[in-house]
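Undergrad: coordinates only, no sequence provided:
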């Protein structure tokens with residue numbers, strides 16, 4: 001999904017695999033329609049409009065904005081990642097993706113390397129109420145207003161939502177994993193692109209639109225230094241020597257901001273030491289992680305924002321980021 005940051009116009013909407021709509025013009029044969037319905041890859045399912053995915057680490061820039069806004073962190077705040085995090089008084093470990101951790105990191109490095117421990121701690125300090133409030137400002141949990149019917153709303157978890165949905169209170173461990181885009185949070189690729197456009201526009205963008213410009217809206221208000229701190233981290237994702245998407249830097253002719261994400265599909269047992277290190281290639285395709293990337297370009301004056309979700313693709317850095325880099329290069333060749 002690629003959006004014009006200023007106008008909200010949809011520059012690219014892709015749901016793959018797709019189907020030939022011409023087959024329906026004069027009435028599709030029952031045999032061919034049955035083949036589409038029974039195809040396990042679901043070609044009739046509009047992924048960018050109604051597909052629901054955990055955002056994974058693509059949510060981290062939005063948590064960073066909240067942490068800076070509420071004064072819980074500064075750009076210079078450092079934490080030490082040993083590879084795991086425990087809630088005070090609890091035994092359960094919430095692991096970082098890098099065994100042994102990342103050492104001492106500030107906000108820029110935490111975004112560049114996608115340090116889970118940094119965002120576990122920040123999520124707990126924010127609490128689910130302030131997390132949900134910030135994500136709601138960016139349009140999570142509701143329709144964006146794109147002029148197509150049937151748009152999905154996703155799920156923006158709150159205490160009241162969980163009580164109504166499951167009849168249960170909100171637990172502290174659920175706040176921890178919300179900090180890295182796991183748990184109950186569900187987004188559509190359209191919502192991710194729209195939220196990224198709002199981020200790229202420093203809180204201001206337009207309603208996504210297929211035909212003509214959308215309505216300009218000021219979705220979020222933060223001080224300039226807050227936006228700039230998060231932008232530096234998103235630039236370091238691509239250009240930093242340890243950035244998770246540094247492998248695509250050579251594919252780009254301009255500086256961009258981005259964030260990789262990987263959404264877990266298969267829940268691995270917590271009591272198996274190396275369960276979260278298991279090679280994705282060993283799993284059946286339908287149990288492999290989803291790969292995600294969000295970004296905007298050019299960095300200094302963004303004109304486009306995008307989201308890429310590759311179902312069961314594996315890692316956001318290795319799979320989704322190269323797709324995004326190709327999209328950005330194509331968009332810029334067309335003058336965007």
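TA: Ah, there it is. It should be emphasised that the depicted structure is a prediction, and the values quoted were computed from it without experimental measurement. Numbering: from 1, shown residues only.
Undergrad: skip the chain neighbours and tell me the closest residue to the spatially most central residue of the chain.
TA: In the chain, the C-alpha nearest the mean C-alpha coordinate belongs to residue 58, at 3.1 Å (Cα atoms, centre = their mean). Distance criterion Cβ to Cβ, 6 or more residues apart in numbering; nearest residue to residue 58, sequence neighbours excluded, is residue 261 at 3.7 Å. For every residue, glycine as well, the C-beta is placed using N, CA and C.
Undergrad: so how far is residue 17 from that neighbour?
TA: Using Cβ to Cβ, to the nearest Å, one obtains 22 Å as the distance from residue 261 to residue 17.
Undergrad: and the two? Which one has more around it.
TA: Under the criterion of other Cβ atoms under 10 Å, the comparison of residue 261 against residue 17 puts residue 261 first, with 31 against 11.
Undergrad: now the residue nearest to the centre of the chain: how far from residue 228?
TA: Look at residue 58 and residue 228: by Cβ to Cβ, they are 20 Å apart.
Undergrad: same question, residue 255
TA: Distance check for residue 255 against residue 228: by Cβ to Cβ, it reads 14 Å.
Undergrad: for residue 256, what are its contacts?
TA: 235, 238, 295-299, 328 (Cβ atoms under 8 Å, 6 or more residues apart in numbering).
Undergrad: turn the residues you listed into a markdown table, including secondary structure, neighbour count and pLDDT.
TA: Listed next are the contacts of residue 256 as a markdown table, based on DSSP: H, G, I helix; E, B strand; the rest coil; neighbours: other Cβ atoms under 10 Å; pLDDT from 0 to 100:
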| residue | secondary structure | neighbour count | pLDDT |
| --- | --- | --- | --- |
| 235 | helix | 19 | 98 |
| 238 | helix | 27 | 97 |
| 295 | strand | 32 | 97 |
| 296 | strand | 24 | 98 |
| 297 | strand | 28 | 97 |
| 298 | coil | 17 | 96 |
| 299 | coil | 19 | 96 |
| 328 | helix | 25 | 95 |
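Undergrad: where exactly do the strands run in the chain?
TA: Taking DSSP state E as the test, the strands found in the chain are 2-4, 10-12, 79-81, 84-85, 94-95, 103-105, 204-206, 216-218, 257-263, 290-297, 304-310.
Undergrad: show me what the fifth one is packed against.
TA: Think strand 94-95. The criterion is 3 or more Cβ pairs under 8 Å, 6 or more residues apart in numbering; DSSP states H and E, and the helices and strands that strand 94-95 contacts are strand 84-85, helix 116-137, helix 172-178.
Undergrad: buried stuff in the last one?
TA: Going by neighbour count (16 or more other Cβ atoms under 10 Å), the buried part of helix 172-178 is 174-178.
Undergrad: dump those residues to CSV, plus distance to residue 31 and pLDDT.
TA: Compiled in CSV, the buried residues of helix 172-178 are given as follows (distance: Cβ to Cβ, whole Å; pLDDT from 0 to 100):
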residue, distance to residue 31, pLDDT
174, 47, 97
175, 51, 98
176, 50, 97
177, 45, 96
178, 46, 97
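Undergrad: and stretch 207-226, how far from the chain's centre?
TA: Stretch 207-226 has its average C-alpha position 18 Å from the chain's average C-alpha position, going by Cα atoms, centre = their mean, to the nearest Å.
Undergrad: could I get the average pLDDT for that stretch?
TA: Stretch 207-226 carries an average pLDDT of 96.
Undergrad: do stretch 190-203 as well
TA: Rounded to a whole number, the mean pLDDT of stretch 190-203 is 98.
Undergrad: cool, stretch 157-165 as well?
TA: Mean per-residue pLDDT for stretch 157-165: 97.
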